[in-house]
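1. sequence first, then the predicted structure, then my questions.
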Amino acid sequence: MRNSVHMLLAVERSFVQAALGFGFKLKENNYFWATNWKKEIMRNEESQILENLKASLDSNRFIKFSLGDYKGHDSNLKKLYVKRVTIKQKEMLSFVFRHKTQDITKNYDFAEAIKLLDEMIGFKGFRFGLLCTLDFDEQMQVFKSRIALKRKPPSLKQLPPKAHDKSKNRKIEAKGKRYLHELGITDPFGKVYKKSQDKYRQINHYIEILSTLLKDLPLREMTNIVDMGAGKGYLTFALYDYLNNVLKMPTRVVGVEFRKNLVDLCNNIAQKSDFQDLYFEEGTIEKYEFKHDANVLIALHACDTATDEAIYKGITGQADLIVVAPCCHHQIRAEIEKNKVKNELDFLLRHGIFLERQAEMVTDGIRALILEYYGYSTKVFQFVSDAHTPKNVLVVGKKLKEPKADQTDILNKIQEIKKYFGIRYHHLEVLLGLTEQMG
Ligand SMILES: C[S@@+](CC[C@H](N)C(=O)[O-])C[C@H]1O[C@@H](n2cnc3c(N)ncnc32)[C@H](O)[C@@H]1O
């Protein structure tokens, strides 16, 4: 009996090897169902391209690896580009994860990188890949039950220059920036303090996102940006610097903040930095009146209804772009909590953490709908990892030249949502006088 099973396995093994011509090894004493064959074939082919990648790294013949046709769980992820870099004298692979709205770069040592690629390639992951080496190009296509590899002559003949230290890719260089020193991020020579590394990275990340969003703005002689609830102005300074000094795009930036000490501090630093079109105004978002035609309005982490006040100013001031990172959603949370509507979701809302998350989603969801009502296209996305801060959702509204949204539909939808969650009013809707129209 044992012998006949072995014979059967031997026949299966030679059949698979011959049929596929890939020469992979089946483990002795294993029984393979057809589905297991498929998995094993897939793993071997997938391992093969990663083996080839590894070999090309070892022999210094690796040029690049690109992956696409992503079908995994991250609906914003589109492509992945892998290149070799040297960071602090260590050989690493740099991954650029291309999302719908942004690129996220992460560096890994070779072993980590191969492990991650192994996890990300598959029918429910990246289905297409292209490995370029000095010796060959290898194309990978993932099908439901197999992965096909195809070799071609090399399309590239030279190794790319190795990218060095990551800091060179920063939008805001640390050296020679007076404001970064005055804000306590760098020493006088432009070296980022250890304790400020996170802040410095965060500033660059914000600038990266905002610069992408600002790219599609209608051209004007002078871009006017108002940053509502500017705080200590880390972002306000960096944005001004990036647009005026890096992109050479004439931009006036105003920071609005009700804490006088911060306003004085920031104005002082702006003066020392010779940033002539950057100034900070003491006062509330609610009472702020535009001196110029503001085409961009930003409000990052303005608490609770201060975000609504900022969006209100943006909509009524006809801003082309409105970018807010809301924080604290007390107003809607209190409404949901108070009215305790009985529905399919009430079992969730007994728990504080779910109530908080629900309030956050409903508040920002209605904000997006209201922006659409006023002719903006909207995007809501996570812009920094949860590991850094839970306040990591960005709501972006871009004014459309020809709005298509059906306003009546939107008002009806908002009305339904409010009823479902037991919300009497949303602060932004009141500011804009929409409550009466909803009846
Ligand atoms: C959490 S801080 C964020 C600062 C900055 N935007 C950032 O992201 O680094 C919020 C700031 O907004 C200010 N602020 C909150 N509500 C405001 C209002 N209604 N009018 C003016 N400033 C406000 C606060 O004083 C605080 O400095």
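-> Cool, the structure landed. Please read all numbers here as calculations on a predicted model, not as lab measurements. Numbers count the residues shown, from 1 in each chain.
2. how far away from the center of its chain is stretch 171-191?
-> 26 Å (CA atoms, centre = their mean, to the nearest Å).
3. could I get it in PDB with only the CA atoms?
-> This file holds the C-alpha atoms of stretch 171-191, laid out as PDB (Å, rounded to 0.1, in the frame of the first residue of the first chain):
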ATOM      1  CA  LYS A 171      10.700  68.600   0.400                       C
ATOM      2  CA  ILE A 172      11.900  70.800   3.200                       C
ATOM      3  CA  GLU A 173      15.700  70.700   3.700                       C
ATOM      4  CA  ALA A 174      16.700  71.200   7.400                       C
ATOM      5  CA  LYS A 175      19.900  73.200   6.600                       C
ATOM      6  CA  GLY A 176      19.700  77.000   6.300                       C
ATOM      7  CA  LYS A 177      16.200  77.300   7.600                       C
ATOM      8  CA  ARG A 178      16.000  79.900  10.200                       C
ATOM      9  CA  TYR A 179      12.400  79.200  11.100                       C
ATOM     10  CA  LEU A 180      13.100  75.500  11.800                       C
ATOM     11  CA  HIS A 181      15.700  76.600  14.300                       C
ATOM     12  CA  GLU A 182      13.500  79.200  15.900                       C
ATOM     13  CA  LEU A 183      10.700  76.700  16.200                       C
ATOM     14  CA  GLY A 184      13.000  74.400  18.000                       C
ATOM     15  CA  ILE A 185      13.300  71.700  15.300                       C
ATOM     16  CA  THR A 186      17.000  72.100  14.400                       C
ATOM     17  CA  ASP A 187      20.200  73.400  16.000                       C
ATOM     18  CA  PRO A 188      21.700  76.600  14.600                       C
ATOM     19  CA  PHE A 189      23.600  74.500  12.000                       C
ATOM     20  CA  GLY A 190      20.400  72.900  10.600                       C
ATOM     21  CA  LYS A 191      20.800  69.500  12.300                       C
END
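4. any part of it near the ligand?
-> No: between stretch 171-191 and the ligand, judged by CB under 6 Å from any ligand atom, nothing touches; the nearest distance is 10.8 Å. No exception for glycine: its C-beta is placed from N, CA and C like everyone else's.
5. for that stretch, buried residues please.
-> With burial defined by 16 or more other CB atoms under 10 Å, the residues of stretch 171-191 counted as buried are 171-172, 174, 177-183, 185-186.
6. kindly report the same for stretch 233-248.
-> Result for stretch 233-248 [16+ other CB under 10 Å]: buried residues 233-244.
7. could you do stretch 112-121 as well?
-> 113-114, 116-117, 120-121.
8. tell me which parts of the stretch 101-250 of the chain are close to the ligand?
-> Proximity of the stretch 101-250 of the chain to the ligand, by CB under 6 Å from any ligand atom, involves residues 229-231, 234-235.
9. now for those residues, which pair is the farthest apart?
-> Of all pairs drawn from these, the one with the longest distance (CB to CB) is G229 and Y234, at 12.5 Å.
10. and which of the buried residues of stretch 112-121 is nearest the ligand?
-> L116 (31.2 Å; CB to the nearest ligand atom).
11. leaving out the residues flanking it, which one is nearest to that closest one?
-> Y108 (6.4 Å; CB to CB, 6 or more residues apart in numbering).
12. quick one: the one you found and F97 touch, right?
-> No: with contact defined as CB atoms under 8 Å, Y108 does not reach F97; the gap is 11.8 Å.
13. which residues of the stretch 301-439 of the chain fall in helices?
-> 305-316, 330-339, 346-349, 352-373, 407-421, 427-431, 435-438 (DSSP state H, counting those that start in this stretch).
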